[in-house]
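S.K.: take this sequence and fold it.
(2 chains)
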Amino acid sequence: QKEVEQDPGPLSVPEGAIVSLNCTYSNSAFQYFMWYRQYSRKGPELLMYTYSSGNKEDGRFTAQVDKSSKYISLFIRDSQPSDSATYLCAMGGFTGGGNKLTFGTGTQLKVEL
Amino acid sequence: NAGVTQTPKFRILKIGQSMTLQCAQDMNHNYMYWYRQDPGMGLKLIYYSVGAGITDKGEVPNGYNVSRSTTEDFPLRLELAAPSQTSVYFCASRGAQKQGKETQYFGPGTRLLVL
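M.R.: The predicted model follows:
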């Protein structure tokens, strides 16, 4: 079993839709959680991060963490064609060195006009 | 402030050749990382560094070496290139949290093809 599971998609939605992207994890040591956006042939860009269970909102994006279920989500409201990208979840713990992250495989999102 | 830069952008290597992928950051970040990204496989950590002179292996270090002689530079060395090393390589840096703000940046990547 992978430490982090993420549905690869592709996920296609109409413009204006609410998008839900999800990851599950198995390692209880993970304490902080991140979402990255990666456009085609570009490096990942940090989108959201959170260190606790609950919701964190930033504009049209909401990150949700449920540590009891080992489940994290990213919601995108009023989705735009410019949101079309691959979204990667990542997580890490405070034990060990290097603040290393474990990444999901990414979900490919396409927002259509 | 250029962020994280990587060179070259693309390279074709023959089996058995060697090369160095360059990575530099100008943000004075202590942490630096090398990842490889294969289709459908996410990002796998190759090596990382917590500061100048300190490096450690990640999840997939075999066939690679790194050095960190300065805070700014973190080159990745491929010795005896193999087709399994065909991938996109990303360098990243991470700074200390400031006022709850996470500072982490990826470079644009190096596409490597080993034939």
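S.K.: up against chain B, what does chain A have?
M.R.: Residues of chain A that fall close to chain B, judged by Cβ under 8 Å from any Cβ of the partner chain: A:4, A:6, A:8, A:34, A:41-46, A:49, A:88, A:90, A:97-101, A:103-106. Heads up, the C-betas are built off the backbone N, CA and C, glycines and all.
S.K.: of the residues you listed, which belong to helices?
M.R.: The members of the residues of chain A next to chain B all map outside helices under DSSP state H.
S.K.: ChimeraX command for the buried members of those residues?
M.R.: To isolate in ChimeraX the members of the residues of chain A next to chain B that are buried, counting by 16 or more other Cβ atoms under 10 Å in any protein chain shown, one can use:
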select /A:4,6,34,43,44,46,49,88,90,98,99,100,101,103,104,105,106
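S.K.: now the least confident helix or strand in chain B by mean pLDDT, how far from the centre of its chain.
M.R.: Ranking every helix and strand in chain B by mean pLDDT, DSSP states H and E puts strand B:104-106 at the bottom, with a mean of 91. Strand B:104-106 has its C-alpha centroid displaced from the chain centroid by 11 Å (Cα atoms, centre = their mean, to the nearest Å).
S.K.: beyond it, next helix or strand please.
M.R.: Sequence-wise, the next helix or strand downstream of strand B:104-106 (DSSP states H and E) is strand B:110-114.
S.K.: that next one - which strands sit beside it in the sheet, and in what orientation?
M.R.: The pairing partners recorded for strand B:110-114 under DSSP bridges are strand B:10-13 (parallel), strand B:87-94 (antiparallel).
S.K.: return the most buried member of these.
M.R.: Neighbour counts (mean count of other Cβ atoms under 10 Å in any protein chain shown) averaged over each of the strands paired with strand B:110-114 peak at strand B:87-94, with a mean of 23.
S.K.: so for it, mean pLDDT?
M.R.: Taken as a whole, strand B:87-94 has a mean pLDDT of 96.
S.K.: would you point out which residue is most central in chain B?
M.R.: Geometric centre of chain B, nearest residue: residue B:34, 2.8 Å, by Cα atoms, centre = their mean.
S.K.: from residue B:33, how far off is the residue lying closest to that one once chain neighbours are set aside?
M.R.: Computed as Cβ to Cβ, 6 or more residues apart in numbering or on different chains, the closest residue to residue B:34 that is not its neighbour in sequence is residue B:46, at 4.4 Å. In this structure, residue B:46 and residue B:33 are 8 Å apart, going by Cβ to Cβ, to the nearest Å.
S.K.: any shared contact partners between the two?
M.R.: Counting by Cβ atoms under 8 Å, 6 or more residues apart in numbering or on different chains, the common neighbours of residue B:46 and residue B:33 are residue B:58.
S.K.: what's the pLDDT at whichever residue of chain A sits closest to chain B?
M.R.: Residue nearest to chain B within chain A: residue A:43 (3.6 Å; Cβ to the nearest Cβ). What the model reports as pLDDT for residue A:43 is 95.
S.K.: give me the beta-bridge partners of the nearest residue to it once chain neighbours are set aside?
M.R.: Excluding its sequence neighbours, the residue lying closest to residue A:43 (Cβ to Cβ, 6+ apart) is residue B:106, at 3.6 Å. For residue B:106, the residues forming beta bridges with it (DSSP bridges) are residue B:92.
S.K.: number of residues surrounding residue B:106?
M.R.: The burial count assigned to residue B:106 is 22, neighbours taken as other Cβ atoms under 10 Å in any protein chain shown.
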